[in-house]
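> Give me a 3D structure for the following:
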Amino acid sequence: MAGCEGFLGTCLPRPTIVSRWSRPGRTGRVQIDPVAAGAAAIALGVGVAAPPAAAGSPQRPVVSPNEALGRLVAGNQRFAAGHGRHPHQGLADLHRLASGQHPFAITVGCADSRVPPEVLFDQGLGGLFDNRVAGNIVDDLLLGSVEFAVTEFHSPLIVVLGHERCGAISATIDAIRDGGSAPSHIGTVVDALRPIVAPVLTKPGDPVDNAVRANIRAQVRGLLSRSEIIAERVRQGALKVVGARYDLDDGRVTLVG
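Modelled structure (predicted):
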């Protein structure tokens with residue numbers, strides 16, 4: 001899916017790193033209106049999912065990666081257009097799911113308060129198996145969590161979700177340019193991102209957004225290359241791993257191929 005940009009196609013204390021986790025600067029972004037996004041989904045063969053079931057009723061099972069992707073496409077279109085349905089978020093759903101879960105997608109997202117997957121994909125309880133950490137970094141612990149969901153629930157889709165103006169990326173760029181290091185355990189995040197971010201700093205365009213996209217691609221590659229469980233299911237056609245970027249300004253998600 002290289003080159004696809006349509007959805008379904010996220011220092012240092014010098015002296016305050018905390019304030020740099022959310023830079024106000026705006027980056028270049030790909031805008032896709034609901035009609036265009038729907039066309040992109042059709043072109044990719046994923047379709048658009050049927051309307052979600054009413055609260056308290058089980059969701060229709062997802063049996064293919066493309067169907068799962070289509071459901072997320074449709075949900076993000078609703079959210080970005082201001083027509084979210086907020087499905088499966090009632091007490092009846094809570095009680096129904098108490099005995100077990102069957103998430104149709106696994107997300108690897110950034111621990112940013114503005115990027116909650118259930119909200120931006122207009123999903124509810126039991127739909128998404130979320131894994132979130134600053135910089136959406138797939139370390140061994142997070143990889144184990146993803147593998148657990150793949151084997152236990154047979155979820156057919158993994159989405160690595162980065163976002164524009166990522167603070168972890170900005171902090172890493174600052175550390176590289178300043179020759180410094182981040183304080184305490186924040187340095188672990190910066191050190192994990194450094195080898196991904198450094199090579200793209202000389203490329204034209206916005207350095208933060210370039211690095212966000214590079215990191216999304218790197219984490220997708222890591223999932224496929226480091227996990228035989230994931231790679232085997234992808235070879236079987238039972239699982240798809242995609243990278244995506246969330247736009248903080250308009251609420252839209254686009255694929256990063």
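> Tell me which residues of the host helix or strand of Glu152 come out buried.
In the assignment (DSSP states H and E), Glu152 maps to helix 140-153. For helix 140-153, the buried set under the neighbour-count rule, 16 or more other Cβ atoms under 10 Å, comprises 142-143, 145-147, 149-150. Heads up, the C-betas are built off the backbone N, CA and C, glycines and all.
> what's the helix or strand just after that helix packed up against?
Next along the chain after helix 140-153, taking DSSP H and E as the criterion, comes strand 157-163. Strand 157-163 is packed against helix 65-80, strand 105-109, helix 207-226, strand 240-246, with contacts defined by 3 or more Cβ pairs under 8 Å, 6 or more residues apart in numbering; DSSP states H and E.
> looking at the ones you listed, which is buried most?
Ranked by mean neighbour count, the helices and strands packed on strand 157-163 are led by strand 105-109 with a mean of 27 (mean count of other Cβ atoms under 10 Å).
> what does that one rub up against?
Under the contact criterion Cβ atoms under 8 Å, 6 or more residues apart in numbering, strand 105-109 has outside partners 10, 62, 68, 71-72, 115, 117, 127-132, 136, 138, 142, 146, 149-150, 155-162, 219, 223.
> Mind checking the pLDDT average for that strand?
Averaging the model's pLDDT scores along strand 105-109 yields 98.
> in whatever helix or strand comes next after that strand, what's buried?
Following strand 105-109 in sequence order, the next helix or strand is helix 117-120 (DSSP H and E). Of the residues in helix 117-120, 117-118, 120 count as buried by neighbour count, 16+ other Cβ under 10 Å.
> what's the closest of those residues to Val234?
Comparing these against Val234 with Cβ to Cβ picks out Pro117 as the nearest, at 20.9 Å.
> contacting residues around that closest one?
So Pro117 contacts 107, 109, 123, 128, 130, 159, 161 (Cβ under 8 Å, 6+ apart).
> rerun at 10 Å
Contacts here follow Cβ atoms under 10 Å, 6 or more residues apart in numbering; on that basis Pro117 touches 72, 75-76, 105-109, 123, 127-132, 159, 161, 246, 253.
> what do you get for Ser227?
With contact set as Cβ under 10 Å, 6+ apart, Ser227 has these partners: 138, 143-144, 146-147, 150, 158, 233-234, 241.
> Which pLDDT value belongs to it?
pLDDT recorded at Ser227 is 98.
> I figured Asp206 hits Arg165, correct?
Yes - counting by Cβ atoms under 10 Å, Arg165 is a contact partner of Asp206 at 9.5 Å.
> who has more neighbours, those two?
Between Asp206 and Arg165, counted using other Cβ atoms under 10 Å, Arg165 has the larger neighbour count: 24 against 16.
> What separation is there between Arg213 and Val133?
18 Å (Cβ to Cβ, to the nearest Å).
> Among the contacts of Ser227, which one sits closest to Val190?
Val138 (16.0 Å).
> Could you look up the SS state of the closest one?
For Val138, the assignment made with DSSP: H, G, I helix; E, B strand; the rest coil gives coil.
> what sits against it?
So Val138 contacts 108, 131, 145-146, 158, 160, 192, 218-223, 226-227 (Cβ under 10 Å, 6+ apart).
> pLDDT weak spots in the stretch 1-150 of the chain?
1-60, 62 (pLDDT under 70).
> centroid residue for the chain?
Leu161 (1.5 Å; Cα atoms, centre = their mean).
> Beta-bridge partners for the residue nearest to that one when sequence neighbours are not counted, please?
Of all residues not flanking Leu161 in the chain, Gly109 sits nearest, at 4.2 Å (Cβ to Cβ, 6 or more residues apart in numbering). Here Gly109 sits in beta bridges with Arg132, Leu161, going by DSSP bridges.
> how near is Gly109 to Gly237?
25 Å.
> what do you get for Ala98?
Using Cβ to Cβ, Ala98 is found at 33 Å from Gly237.
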